[in-house]
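# Sequence below, structure please.
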Amino acid sequence: MSPIFKNVIYSIYQVLISKDEKELTRDSEFYYLVGQVLNYIIDKTGLDKKENNEIEVFIYLEDNEEIKENLNILYDKYYEYLPNNQEILKKALKAIYDYDANNKLVNKNIIFSGYLKENLIDYITTEKKDDLAE
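This is a model prediction of the structure:
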């Protein structure tokens, strides 16, 4: 993994685990986290097993505000199918909604990188469950 993505992943991890409200600081974090949120929602709701995969809409988006709007629609539509403990997912969505990307053109390469990598939201949620069990 490139050092750039290691820094991006570490920064996002810090935002998601922080007890204080931390924000994304770079466009690369924003796009990577979008991919992570899409992966999480798809995985937890079983969207990837459906023929009409609603995720395809994100391939064609060209504007960051459209990404935010479509993430909101996706979350609202499948909210009831997501696991009960959504604290980390909500932090991720808030970080995305609060961030104003400098680059107005969508960086799909970083979104796909975030989508394809191990899911931080799932990892942190599992990590917190394990901490509570101990």
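# Pull the contacting residues for residue 38.
By C-beta atoms under 8 Å, 6 or more residues apart in numbering, the contact list for residue 38 reads 55, 58, 71, 74, 111, 114-115. (C-beta placed from N, C-alpha, C; glycine too.)
# The residue nearest to residue 125 when sequence neighbours are not counted sits in which helix or strand?
Excluding its sequence neighbours, the residue lying closest to residue 125 (C-beta to C-beta, 6 or more residues apart in numbering) is residue 88, at 5.1 Å. Element membership for residue 88 (DSSP states H and E) is helix 87-98.
# picking that back up, need the contact list for the residue nearest to residue 125.
16, 121, 124-125, 128.
# Look up how far residue 12 lies from it.
Distance of residue 88 to residue 12, given as C-beta to C-beta, to the nearest Å: 11 Å.
# And residue 111, by the same measure?
Using C-beta to C-beta, residue 111 is found at 13 Å from residue 12.
# try residue 71
From residue 71 to residue 12 the distance is 15 Å (C-beta to C-beta).
# Surely residue 103 touches residue 27?
Yes: between residue 103 and residue 27 there is a contact under C-beta atoms under 8 Å: 5.2 Å.
# what number of residues lie near residue 72?
Number of residues near residue 72 (other C-beta atoms under 10 Å) recorded here: 13.
# list the contacts for it?
93, 97.
# now do the one 3 residues further on
With C-beta under 8 Å, 6+ apart as the criterion, the residues that contact residue 75 are 41, 93.
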